[in-house]
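J.: Return atomic coordinates for the entry below.
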Amino acid sequence: MQNAYDNELSAFYTEHQFNSKGKLCVALVVTQQAKIIGLPLDPETLYTERGGQVLGLGRGAVQAVLARHNITRVLAKEGGRTSRGSIGAMRDYVTFLNALNSKTSIDLEEVELFWIEKVNVFFTAKPLKIKLDNSQSLRSLVKDLISQAEIKQKTSQGVYYVGALMQHLVGAKLDCALGTDHFTHNSFSTSDDQTGRNGDFFIGDTAIHVTTTSSEALIARCKENLENSSDQ
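T.: So this is what the prediction gives:
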């Protein structure tokens, strides 16, 4: 997202460390309050009756915002409600929004998109998890890992987590079967065309390609490999 105050939002995000799930929840909910009430906001009106929590902050409210952007993953089980720093984060964010509003007209829909982007960054940064369960087959464990990678890939344009994961898994399997140091583990981010490689792994005179899609170009490369092999 690019707008006239993108730099200000990014600076606030960095300076106040709004990269945690609790603070992201606060940003989403307070932005919703600003859309309903309007700016400037009075932070004294954004407390619950007992004054110990941020008004409206909770899992339901946060997930409702995320759902509008087709995000179904849970950002925080309590929606940031139990975070001790939520009130301070709310006050910091309200101060920022009011100051920004005094300088320029704010499109809160664009502000919301900024925070949605940061939520996607948060989810992308989380590592893949594997839960060892004797009741699950190896096939099931691998399928679950690939599913996690697919979700990360959908929220990270240009980053091919699924392909990278598959190449690592194939490489690990080959190491287990043949022992280490029998072949080279090439960089996933470097294409075969860039390096002149005929595949991702080489075992003797066999080239192994790892791919999520058997494209026409890949089939042509395999055909070329076979033709070159028969000529030798």
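J.: How about residue 86, nearest residue that isn't a chain neighbour?
T.: Residue nearest to residue 86 in three dimensions, not counting chain neighbours: residue 54, with 5.1 Å by CB to CB, 6 or more residues apart in numbering. C-betas here are computed from N, CA, C, even on glycine.
J.: residue contacts, that neighbour?
T.: 26, 29, 30, 46, 47, 48, 80, 81, 86, 87, 90 (CB atoms under 8 Å, 6 or more residues apart in numbering).
J.: Show me what the helix or strand harbouring residue 122 is packed against.
T.: Take DSSP states H and E as the rule and residue 122 turns out to sit in helix 108-125. For helix 108-125, the helices and strands in contact under the criterion 3 or more CB pairs under 8 Å, 6 or more residues apart in numbering; DSSP states H and E are helix 6-15, helix 21-37, helix 59-68, helix 138-154.
J.: Can you show me the CA trace of that helix as PDB?
T.: Output for helix 108-125, consisting of C-alpha atoms alone and laid out as PDB, is shown next (Å, rounded to 0.1, in the frame of the first residue of the first chain):
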ATOM      1  CA  LEU A 108      -8.900   5.100   7.400                       C
ATOM      2  CA  GLU A 109      -9.600   2.300   4.900                       C
ATOM      3  CA  GLU A 110      -6.000   2.700   3.700                       C
ATOM      4  CA  VAL A 111      -4.800   2.800   7.200                       C
ATOM      5  CA  GLU A 112      -6.600  -0.500   7.800                       C
ATOM      6  CA  LEU A 113      -4.900  -2.000   4.700                       C
ATOM      7  CA  PHE A 114      -1.600  -1.000   6.100                       C
ATOM      8  CA  TRP A 115      -2.300  -3.000   9.300                       C
ATOM      9  CA  ILE A 116      -3.600  -5.900   7.300                       C
ATOM     10  CA  GLU A 117      -0.300  -6.000   5.400                       C
ATOM     11  CA  LYS A 118       1.600  -6.000   8.700                       C
ATOM     12  CA  VAL A 119      -0.600  -8.900  10.000                       C
ATOM     13  CA  ASN A 120       0.400 -10.800   6.900                       C
ATOM     14  CA  VAL A 121       4.000 -10.000   7.600                       C
ATOM     15  CA  PHE A 122       3.500 -11.300  11.200                       C
ATOM     16  CA  PHE A 123       2.000 -14.600   9.900                       C
ATOM     17  CA  THR A 124       4.700 -15.000   7.300                       C
ATOM     18  CA  ALA A 125       7.500 -14.600   9.800                       C
END
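J.: now what about that helix, what contacts it?
T.: When contacts are taken as CB under 8 Å, 6+ apart, the neighbours of helix 108-125 outside the stretch itself are 1, 3, 6, 9, 13, 18-19, 21, 24, 27-28, 31-32, 34-35, 39, 65-66, 69, 71, 73, 75, 97, 151-152, 155-156, 159.
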